[in-house]
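Student: Generate a structure from the sequence data that follows.
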Amino acid sequence: QVQLVESGGGLVQAGGSLRLSCAASGRTFSILHMAWYRQAPGKEREFVAGIRWSGGSTSYADSVKGRFTISRDNAKNTVYLQMNSLKPDDTAIYYCGAQITVALVPANYWGQGTQVTVSS
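Tutor: Okay, here's the model as predicted:
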């Protein structure tokens with residue numbers, strides 16, 4: 001079994017920054033792709049940013065381009081989301097998602113979520 005554990009959420013003023021982390025742990029596994037999603041109250045979960053583990057290519061939602069940066073540390077099986085110039089609209093629970101293979105079987109995993117609140 002694989003577990004994803006997020007950290008780094010909190011309360012910040014508009015214009016401020018936060019850095020989220022998500023670490024994958026468990027038995028032997030291979031990460032294919034990791035991403036951040038968010039869900040604001042009353043809204044559906046939406047994609048924020050993603051990164052391919054091999055090669056490191058990235059993708060972003062238009063709403064965060066130029067403000068957020070996703071990165072990874074292969075040795076630590078950890079993905080990060082650096083969030084700058086935060087806006088009140090960025091307030092949401094942020095979830096880490098990953099596509100991981102265990103014994104050559106791919107599956108999707110989710111973290112428990114971390115709250116990000118941006119005050120105006």
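
Student: Chain neighbours aside, what residue packs nearest to residue 53?
Tutor: Nearest non-adjacent residue to residue 53, counting by C-beta to C-beta, 6 or more residues apart in numbering: residue 31, 4.3 Å away. For every residue, glycine as well, the C-beta is placed using N, CA and C.

Student: So for the one you found, what pLDDT did the model give?
Tutor: Reading off the confidence values, residue 31 has pLDDT 93.

Student: Which residues does it form beta bridges with?
Tutor: residue 100 (DSSP bridges).

Student: now swap in residue 94 and tell me
Tutor: Taking DSSP bridges as the rule, residue 94 bridges to residue 38, residue 114.

Student: show me what contacts it?
Tutor: Applying C-beta atoms under 8 Å, 6 or more residues apart in numbering to residue 94 gives the contacts 6, 9, 20, 36-38, 48, 81, 113-116.

Student: please redo it, this time with the cut-off set to 7 Å
Tutor: Residue 94 makes contact with 9, 20, 36, 38, 113-114, 116, according to C-beta atoms under 7 Å, 6 or more residues apart in numbering.

Student: Please apply the same query to residue 120.
Tutor: Residue 120 is in contact with 14, 88, counting by C-beta under 7 Å, 6+ apart.
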